[in-house]
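[1] Please find the sequence and the predicted model below.
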Amino acid sequence: MQIVSSQPMCDDAFRLWADTLIANTRHTEFGWLIDGKGVLFTNYGHGSRGEITREVMLGFDPDTGSSTVKIVRPNAAKRDKGPVTVLAVDDAGRRYLLREGRLVANRISGFIKDQFAELSGLTEVPLTVSGKRSTRHWYVVADLSAKPDEIVAQAADFAHACARARTLAGGGKPAGNAEEEDQKRPTYGMDEKGQITIRTRPGGSVEVLALQGYVFEELKKIVGDDLKKPTGNGYCVDGLIESARLLIEIKTGSSAHCIYEAVGQLQLYPHLIGIRGQPEPALLIPNPRPPKQRPLTPAMASALTAAKISIFTYDIGVEAGKPRITFPAAFIKRCRRRVL
């Protein structure tokens, strides 16, 4: 690939990439969320809320304040000697956004450079500058000639690869005690019917919310009778859409123990119950809301994707004193897609 030394071309390419991300993801309280991938990204404080100007932090972790990898607008004048992001074209004229295989030390991991390819699993692409190969090592962030959903998926995959590298490298300095923070996260009832019950205890009474039931009921309204709950050998799945070949595990929290439990269920239930056809596993968790509910960490989202588990979220509102559940368009589309 040849480096592009035209600043207008670099600006146009970065703008295309950033606008594609914004247009095809969901903006949340913490930043933009890539549905199905669990990747959260921010503008790193550059520009107003909902705007990307010159920097994107992929894989933002609110608990540590750190991100997995930063993508910046290329500086054409500095060619391959400046920022860690450049624009390149191949022999066919396709444009690519490239990132150097170098990750600065933060609270997630120590500095990574020489082992980046080994740790991330990514393949280096040769970059030519003035007829010579660049001495720095470059990797594809996005093929800008691809379709919008593919560009977004490439950004998520690159973030996951960098998260794997950081996880394997270690050496970070997490903020606070992760175990204590995990214990502070809320849990809810696991009943299958949406209901609010009053339970009496010494000193008064308390309302118990069976949130998972409300989630299931709302999904049933959308999917209809295609949504099943196979049982067998004493086990029962949260949801199976046979026409979409989608196995769904519903969780009412995103704490580590909730995710561990969900992964085990998604991996084991097809064998324990005898579900045929190898359905795609999907995790459905509440959309993070500050200050109590936090997003998945970059490492956790990367691990789930590596396990081939899609990640979707649902919103919790209130209507007539009861929870009102809504799902993102990407999740509804996946549930309705028929797989032969």
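    Happy to help now that I have it. The structure displayed is predicted, hence computed values, not measured ones.

[2] Am I right that Gln265 is in a helix?
    Yes - using DSSP: H, G, I helix; E, B strand; the rest coil, the assignment for Gln265 is a helix.

[3] Is it in contact with Glu249, as I believe?
    Yes - in this structure Gln265 lies within contact range of Glu249 using CB atoms under 8 Å: 5.3 Å. Where C-beta positions appear, they are placed from N, C-alpha and C, glycine not excepted.

[4] what touches both of these two?
    Val237, Asp238 (CB atoms under 8 Å, 6 or more residues apart in numbering).

[5] what about the chain, any weak spots by pLDDT?
    173-210, 291-292 (pLDDT under 70).

[6] Let me see the domain layout of it.
    Per automatic domain parsing, the domain ranges recorded for the chain read 2-169, 208-336.

[7] What's the local residue count around the nearest residue to Lys70 once chain neighbours are set aside?
    Closest residue in space to Lys70, ignoring its immediate chain neighbours: Met57 at 5.4 Å, by CB to CB, 6 or more residues apart in numbering. Neighbour count for Met57, taken as other CB atoms under 10 Å: 22.

[8] Can you tell me what sits against the helix or strand hosting Met57?
    For Met57, the element it lies in under DSSP states H and E is strand 55-61. Identification of contacts with strand 55-61 by CB under 8 Å, 6+ apart yields 18, 21, 30-31, 39-44, 46, 66-73, 107-108, 155-156, 158-160, 162-163, 295, 297-298, 301-302.

[9] Do a quick rundown of the strands in the stretch 151-300 of the chain.
    Secondary structure of the stretch 151-300 of the chain by DSSP state E, counting those that start in this stretch: the strands cover 196-201, 204-209, 227-228, 231-232, 235-236, 239-241, 246-250, 280-286.

[10] Settle this for me: Gly36 is touching Ala329, isn't it.
    No - assessed by CB under 8 Å, Gly36 is found out of contact with Ala329, at 11.3 Å.

[11] More neighbours: which of the two?
    The neighbour comparison of Gly36 against Ala329 (other CB under 10 Å) goes to Gly36, with 19 against 9.

[12] pretty sure Val4 is touching Asp11, no?
    No - checked against CB under 8 Å, the pair Val4 and Asp11 is beyond contact range at 10.7 Å.

[13] Can you report how many residues neighbour Gln115?
    Gln115: 12 neighbours (other CB under 10 Å).

[14] Look up the closest residue to it, ignoring the ones flanking it.
    Nearest non-adjacent residue to Gln115 (CB to CB, 6+ apart): Ala169, at 7.1 Å.

[15] For that neighbour, which residues are in contact?
    Ala169 neighbours (CB under 8 Å, 6+ apart): Ser109, Gly110, Ile112, Gln115, Leu119.

[16] Most neighbours of all the residues you listed, which one?
    Ser109 (24 neighbours).

[17] give me phi/psi at that one?
    phi -160, psi 170 (degrees, to the nearest 10).

[18] Could you report the distance from the residue nearest to it when sequence neighbours are not counted to Ala13?
    Distances taken as CB to CB, 6+ apart place Arg166 nearest to Ser109, at 3.6 Å, with adjacent residues excluded. Arg166 is 26 Å from Ala13, where distance means CB to CB, to the nearest Å.

[19] who's more crowded, those two?
    Arg166 (27 against 23).

[20] wait, that one sits on Phe111?
    No - counting by CB under 8 Å, Phe111 is not a contact partner of Arg166; they are 10.4 Å apart.

[21] Find residues that contact each of those two.
    Leu103.

[22] Trp138: what's it in contact with?
    Asp80, Val86, Ala88, Leu98, Arg99, Glu100, Gly101, Glu124, Val125, Pro126, Leu127.

[23] whoops, Gly36 was the one
    Gly36 neighbours (CB under 8 Å, 6+ apart): Ser310, Ile311, Phe312, Ala330, Phe331, Arg334.

[24] Filter these down to the ones in strands?
    Ser310, Ile311, Phe312 (DSSP state E).

[25] Let's have the residues you listed in TSV, adding distance to Thr231 and neighbour count.
    TSV is the format used below for those (distance: CB to CB, whole Å; neighbours: other CB atoms under 10 Å):
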residue	distance to Thr231	neighbour count
Ser310	23	20
Ile311	25	23
Phe312	23	22
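
[26] which one of the residues you listed is nearest Val215?
    Phe312 (11.2 Å; CB to CB).

[27] Based on its surroundings, how many neighbours for the closest residue to the closest one other than its chain neighbours?
    Leaving aside its sequence neighbours, Phe312 sits nearest to Phe331 (CB to CB, 6+ apart; 4.2 Å). Neighbours of Phe331 under the rule other CB under 10 Å: 22.

[28] Could you check how far Phe331 is from Ile241?
    Taking CB to CB, one finds Phe331 at 11 Å from Ile241.

[29] how about the helices in the protein?
    For the chain, the helices defined by DSSP state H occupy 7-23, 116-120, 148-169, 178-183, 211-223, 256-269, 298-306, 329-336.

[30] I'd like the distance from the first one to the chain centre, please.
    It refers to helix 7-23. 21 Å (CA atoms, centre = their mean, to the nearest Å).
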